[in-house]
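[1] Predicted coordinates and the sequence they were generated for:
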Amino acid sequence: MMVKSAAKYIVLLGPPGAGKGTQAQIISKEMNLAHVSSGDIFRENLKQETELGKLAQTFMRRGELVPDDVTIAMIQERLTRPDCQAGALLDGFPRTPAQAEALSKMLAKWGAEVNLVPYIFVDANILIERLSGRWTCPVCGLVYHEKYNPPITPGICDNDGAVLYQRDDDKPETVKRRIDVYLTQTAPLIEYYRLKGLLVEIDGTLSIDQVAKNILAAIEEKVAN
Ligand code: ADP
Ligand code: ADP
């Protein structure tokens with residue numbers, strides 16, 4: 001029998017605006033686990049104007065998913081970097097059944113597996129309010145909300161003093177499209193992971209701190225050390 005790797009892989013699942021990025025930042029720090037955000041990697045490529053960035057931009061601008069093959073290759077490369085030796089907290093990947101299958105195949109090759117899938121659920125009307133008030137730091141990626149999680153000085157990142165910006169794809173029309181795309185292409189992963197016994201449901205309408213506590217408690221209870 002193959003010895004299972006001690007590396008841990010936790011997948012944060014939930015609609016756009018549920019709080020995956022916010023929670024990933026808290027939990028990765030708390031657990032000392034690499035935070036792998038597919039959206040952040042695409043945005044970084046966009047900024048650097050790489051070929052991948054140029055390709056991703058046409059999809060991101062419309063609120064559509066970037067094709068599976070390039071997304072999977074990008075994540076596979078990211079997960080082989082040294083900071084992922086102990087595993088990773090995945091935020092925004094997988095987003096389709098094909099991505100989920102590819103993830104489990106690549107982890108199996110390394111003698112590892114997905115250990116837990118916290119599914120953060122929030123009503124659609126709340127998502128729109130969250131995304132329209134979201135402000136992001138272009139330097140460190142910290143995420144704020146003008147009402148629910150404001151920076152100390154309006155418009156300025158607490159961490160590094162950079163001027164915060166609003167994401168292009170957080171405009172109301174694009175947000176609607178992203179939620180539709182989530183419902184058709186990503187929501188099937190809820191049942192997929194439930195059937196594997198990996199899903200834990202997390203109420204995403206609670207405070208940021210309470211949501212973090214609930215996710216950490218689920219990890220503590222269900223993921224062996
Ligand atoms: P996702 O990565 O799932 O799209 P984010 O973490 O970027 O979501 O959060 C979306 C917006 O909602 C951000 O502005 C964030 O500050 C805010 N937010 C996140 N969690 C909560 C919460 N529990 N209560 C209120 N606002 C939240
Ligand atoms: P949010 O945090 O609001 O859920 P993300 O930052 O995760 O948004 O993603 C932004 C955009 O990047 C998506 O709308 C999509 O175009 C692209 N993207 C991110 N992750 C994936 C993925 N796993 N598969 C395909 N496209 C993705």
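    That came through fine. Ligands and ions are numbered 1, 2, ... in the order given.
[2] Enumerate the beta-bridge partners assigned to the residue nearest in space to the middle of the chain.
    Geometric centre of the chain, nearest residue: residue 91, 1.9 Å, by Cα atoms, centre = their mean. Per DSSP bridges, the residues bridged to residue 91 are residue 12, residue 37.
[3] who's in contact with it?
    Going by Cβ atoms under 8 Å, 6 or more residues apart in numbering, residue 91 touches 12, 20, 21, 24, 35, 36, 37, 38, 39, 40. Heads up, the C-betas are built off the backbone N, CA and C, glycines and all.
[4] for residue 75, same thing?
    Counting by Cβ under 8 Å, 6+ apart, residue 75 makes contact with 36, 38, 41, 90, 93, 99, 103.
[5] what about the helix ranked longest in the chain and ligand 1, any contact?
    If you go by DSSP state H, the chain has its longest helix at helix 208-222. Yes: for helix 208-222, a contact with ligand 1 is found by Cβ under 6 Å from any ligand atom, at 208, 211.
[6] That helix packs against which elements?
    Contact here means 3 or more Cβ pairs under 8 Å, 6 or more residues apart in numbering; DSSP states H and E; on that basis helix 208-222 packs against helix 20-31, strand 117-121, strand 199-203.
[7] Quick check: which of the ones you listed is nearest to residue 140?
    Nearest to residue 140, of all the helices and strands packed on helix 208-222, is helix 20-31, at 9.4 Å by Cβ to Cβ.
[8] centre of the chain versus that closest one, how much separation?
    Offset of helix 20-31 from its chain centre (Cα atoms, centre = their mean, to the nearest Å): 10 Å.
[9] And it, what's buried?
    Buried residues in helix 20-31, counted by 16 or more other Cβ atoms under 10 Å: 20, 21, 22, 23, 24, 25, 26, 27, 28, 31.
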